[in-house]
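**Q** What follows is a predicted protein model with its sequence.
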Amino acid sequence: MKPMGTIPPEFRSLPLIIGGKAVEQWAASSPLFVYDRSVVESRIERFRGALPGVDLHYAVKANPFVPLLEAMAPLVDGFDVASAGELARVAGLGKAISFAGPGKSDGELDAAIAAGVTINLESESEADRALAIAARRGVTPRFAVRVNPEFELRGSGMRMGGRASPFGIDSERVPALVRRIAAAGADWRGFHIFAGSQALDAAAIIDSQAHTLDLAARLAGEAGAAPPLVNLGGGFGIPYFPGEQAIDIEAIGAALTPRLAAMPGTRFAIELGRWVVGEAGVYLTRVIDRKESRGEVFLVCDGGLNHQLAATGNLGTVVRRNYPVAVATAAPGAPRETVSVVGPLCTPLDRLADQVELPAARPGDVIAVFMAGAYGLSASPWEFLGHARPAEILT
């Protein structure tokens, strides 16, 4: 038997209840994703309490499901997008939008400038292209500069700073670019400084934010202009795996808030994706076969890595570990057994849970994979082997 992560507290009843409904009501047509908006709302409320006065930007790449974006619009201060497709999903929601990403095409730059979006510049040449496009349109573009810092976020699952990078502009070259775009007549909107993601160590985030604030102040001084906004990035992780603990954002807020007064006239934002929506999503898939092979039991389901790639360990995980899963239709106190939960695909990679202890299940039972609200369907190869695209539902 192998351990698995901890089920979020909102979903620990059996049989499973999501958004006030029994799981069988949701899973009448499986597989599918269900997102509980009350969980999203509680995370945002917690952020507001811990970090008063700091803007919350939602990173659309975490989950671009349109009904979820529409529900979130009144609750957040802005959306951060990374493609023209993401921009189109939030353009009409009445929020500030920033556009990051190292490979923006001329068409994407044009669409962003036309929409009045803040473009996070990733290189000097991107700045040149964007200035030329704005000049042809006869409009004033809004630019922020994405900074590639000298430091990284310790313990982050994906490190974005402290090294050569396709993301952002090396910090020593930033002041010159700020002066150049300001001289060209652009509306300079500030800095975007992102050092890493999926960190669970509050002390490491506090340290990274301190370095970020020091860097922003130094760059502003060298550029000779105070930034209207400093996007501090995000990095707040969620506990997917055994032994991981939820991050203490109250400690982060207590350390960060008094430091913000050092840059009067500057607003600050934190850009979060998975921390806001990751724990709100549940992937539901139905058992279609139960089989035994050489002493092991396999629950074969109607969905797998084609819908929830991350849970199979095939999305940037070096060592495969188990997401939290449950037999969502099990009765309390049902006998338990050790099983592997697999999908319908013709590849041994299609394994949602490896040798975990679950209530005994039969064909027709529903398996729930938790932590499915971020980097789920949109980060999975759902066309692989031609299976149907699963539904998504917002409760």
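**A** Nice, thanks for sending it over.

**Q** nearest residue to Lys291 other than its sequence neighbours?
**A** Nearest residue to Lys291, sequence neighbours excluded (CB to CB, 6 or more residues apart in numbering): Phe298, at 5.1 Å. (C-beta placed from N, C-alpha, C; glycine too.)

**Q** try Arg259
**A** Leu213 (5.7 Å).

**Q** pLDDT score for the one you found?
**A** Each residue has a pLDDT score; the one for Leu213 is 93.

**Q** For the nearest residue to Glu24 once chain neighbours are set aside, give its distance to Val339.
**A** Sequence neighbours aside, Thr329 is the residue nearest to Glu24 in space, at 6.5 Å (criterion: CB to CB, 6+ apart). The gap separating Thr329 from Val339 is 15 Å, by CB to CB, to the nearest Å.

**Q** Surely Ile119 is within a strand?
**A** Yes - counting by DSSP: H, G, I helix; E, B strand; the rest coil, Ile119 is part of a strand.

**Q** I'd assumed Lys104 was in contact with it.
**A** Yes - contact criterion CB atoms under 8 Å: Ile119 and Lys104 qualify, at 7.4 Å.

**Q** okay, those two: which has more neighbours?
**A** Ile119 (28 against 24; other CB atoms under 10 Å).

**Q** check contacts around that one.
**A** Ser98, Phe99, Lys104, Leu109, Ala112, Ile113, Ala130, Pro141, Arg142, Phe143, Ala144 (CB atoms under 8 Å, 6 or more residues apart in numbering).

**Q** mind running it again at 10 Å?
**A** Residues in contact with Ile119 (CB atoms under 10 Å, 6 or more residues apart in numbering) are 97-101, 104, 108-109, 112-113, 126-127, 130, 133-134, 141-146, 186, 189.

**Q** before we move on, what about Arg173?
**A** Counted by CB under 10 Å, 6+ apart, Arg173 has contacts Ser123, Glu124, Val145, Val147, Asn148.

**Q** Excluding chain neighbours, what is closest to the last one?
**A** Excluding its sequence neighbours, the residue lying closest to Asn148 (CB to CB, 6+ apart) is Gly168, at 3.7 Å.

**Q** Could you check the pLDDT of that neighbour?
**A** pLDDT, Gly168: 88.

**Q** now do Pro264
**A** 89.

**Q** now do Asp187
**A** So Asp187 comes in at 98 (pLDDT).

**Q** Report the beta-bridge partners for it.
**A** Beta-bridge partners recorded for Asp187 (DSSP bridges): Arg142.

**Q** was I right about it contacting Pro228?
**A** Yes - applying CB atoms under 10 Å as the test, Asp187 and Pro228 come out as touching, 8.9 Å apart.

**Q** Partner strands of the lengthiest strand in the chain and their direction?
**A** In the chain, with assignment by DSSP state E, the single longest strand is strand 281-293. Neighbouring strands of strand 281-293 in its sheet, by DSSP bridges, are strand 32-35 (antiparallel), strand 296-301 (antiparallel), strand 366-369 (antiparallel).

**Q** CSV please, covering those and showing mean pLDDT.
**A** Output for the strands paired with strand 281-293, formatted as CSV (pLDDT from 0 to 100):
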stretch, mean pLDDT
strand 32-35, 98
strand 296-301, 98
strand 366-369, 98
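
**Q** Helices - which of the contacts of Arg173 land there?
**A** Glu124 (DSSP state H).

**Q** Buried among the contacts of Arg173? Need that as a selection in ChimeraX.
**A** With 16 or more other CB atoms under 10 Å as the burial test, the buried ones among the contacts of Arg173 are selected in ChimeraX as follows:
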select :123,145,147,148
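
**Q** tell me which of the contacts of Arg173 is nearest to Ala255?
**A** Within the contacts of Arg173, proximity to Ala255 (CB to CB) peaks at Val147, which comes in at 21.1 Å.

**Q** does the closest residue to Phe33 other than its chain neighbours sit in a helix, a strand or a coil?
**A** Among residues not flanking Phe33 along the chain, Glu392 sits closest, at 4.7 Å (CB to CB, 6+ apart). Put simply, Glu392 is strand when judged by three-state DSSP.
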